[in-house]
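K.L.:
Just a sequence and a predicted model for now, questions to come.
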Amino acid sequence: MTDGTADDHFAPILEGVGQSDYERYLRTDELLSLQKPAAEMAHRDELLFQTVHQSSELWLKHACFELEAAAQLVGDGSIAEATRLVGRAVLGLSLITDQLAMLDRMSPWEYQEVRKVLGHGSGFDSPGFVEVKRVTLLLGQAFQTALDTAGVSPERVYRQRVEYGDLYALAEAMTDWDGSLRAWRYRHVLVVERMIGDVVGTQGTPVDQLRKLLSHRYYPELWQVRTRLTEAAGT
């Protein structure tokens, strides 16, 4: 027989719902209730579909949080710390890109049952997707201001990498981010083609229109500098 002291030592001390502080801190009761219960599903794959997209929104929220902070840090002159945060955002984007493979495990025919309950839902309406555009441009503006302040061009930063090491590292991290965005869009298009073919999405957007977005670059100057360096090298 015990006096309950050991159990009391691990008893939750945080406010909230749940039998443990883990559940209360992460609000798992609320989090795990955000998906449709089985009785309300049009098809069992709705859980898969919601899990992939809801977790994507969380990672996009985090990536945008880091990118906005990075832009502020660049403005404050803390280039190295900004680069570290951009790296976090890039990793988060790679996670949501990789998890799209889960949607490849859905049957195209059975997906049509899920599609019936999506209404006019579209990836274009994703809060994370909309926010990505804003903070990506914000970081680009901060980077350009930093270049102007230093009185250098992207080409000079790349040619004199040692002298401008922090700016070079940030430029490469931003290139990683831009490239990761393109990879994410490409992977998404593949999923759409695999699920519905070459017809239209839930908002009537032809798949071909989605493909046109694949060539978009948020930081074109960071890609063009590579061409200029190659031309200057004469190789």
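P.N.:
Happy to help now that I have it.
K.L.:
Now do Ala70, the pLDDT please.
P.N.:
Confidence at Ala70, expressed as pLDDT, is 98.
K.L.:
Use 10 as the first number from now on
P.N.:
New numbering, starting at 10: the last item is Ala79.
K.L.:
wait, it sits on Ala89?
P.N.:
No: using Cβ atoms under 8 Å, Ala79 makes no contact with Ala89, being 10.9 Å away. Every residue, glycine included, has its C-beta placed from N, CA and C.
K.L.:
more neighbours, those two?
P.N.:
Shown here are Ala79 and Ala89; by other Cβ atoms under 10 Å, Ala79 has more neighbours (30 against 12).
K.L.:
Sticking with that one, tell me its helix or strand.
P.N.:
helix 55-85 (DSSP states H and E).
K.L.:
Equivalent analysis for His129, please.
P.N.:
Going by DSSP H and E, His129 is not in any helix or strand.
K.L.:
now it: how far from Ala47?
P.N.:
25 Å (Cβ to Cβ, to the nearest Å).
K.L.:
Repeat that for Gly130.
P.N.:
21 Å.
K.L.:
and Val123, what helix or strand is that in?
P.N.:
Judged by DSSP H and E, Val123 forms part of helix 117-124.
K.L.:
Check which residues of that helix are buried.
P.N.:
Using 16 or more other Cβ atoms under 10 Å as the test for burial, helix 117-124 gives 120, 123-124.
K.L.:
Which one of those is nearest to Gln28?
P.N.:
Gln28 has its nearest neighbour among the buried residues of helix 117-124 in Val123, at 33.2 Å by Cβ to Cβ.
K.L.:
Can you tell me how far the closest one is from Arg114?
P.N.:
13 Å.
K.L.:
Grab the CA positions of the helix or strand Arg235 falls within and hand them over as PDB.
P.N.:
Using DSSP H and E, the element containing Arg235 is helix 229-242. Taking Å, rounded to 0.1, in the frame of the first residue of the first chain, the C-alpha atoms of helix 229-242 are listed here in PDB:
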ATOM      1  CA  PRO A 229      15.100  35.200 -59.800                       C
ATOM      2  CA  GLU A 230      18.300  37.200 -59.200                       C
ATOM      3  CA  LEU A 231      19.800  34.400 -57.100                       C
ATOM      4  CA  TRP A 232      19.300  32.000 -60.000                       C
ATOM      5  CA  GLN A 233      20.400  34.500 -62.700                       C
ATOM      6  CA  VAL A 234      23.700  35.100 -60.900                       C
ATOM      7  CA  ARG A 235      24.700  31.600 -61.700                       C
ATOM      8  CA  THR A 236      24.200  32.100 -65.400                       C
ATOM      9  CA  ARG A 237      26.300  35.300 -65.200                       C
ATOM     10  CA  LEU A 238      29.100  33.500 -63.300                       C
ATOM     11  CA  THR A 239      29.100  30.700 -65.800                       C
ATOM     12  CA  GLU A 240      29.300  33.200 -68.700                       C
ATOM     13  CA  ALA A 241      32.100  35.100 -66.900                       C
ATOM     14  CA  ALA A 242      34.000  31.900 -66.400                       C
END
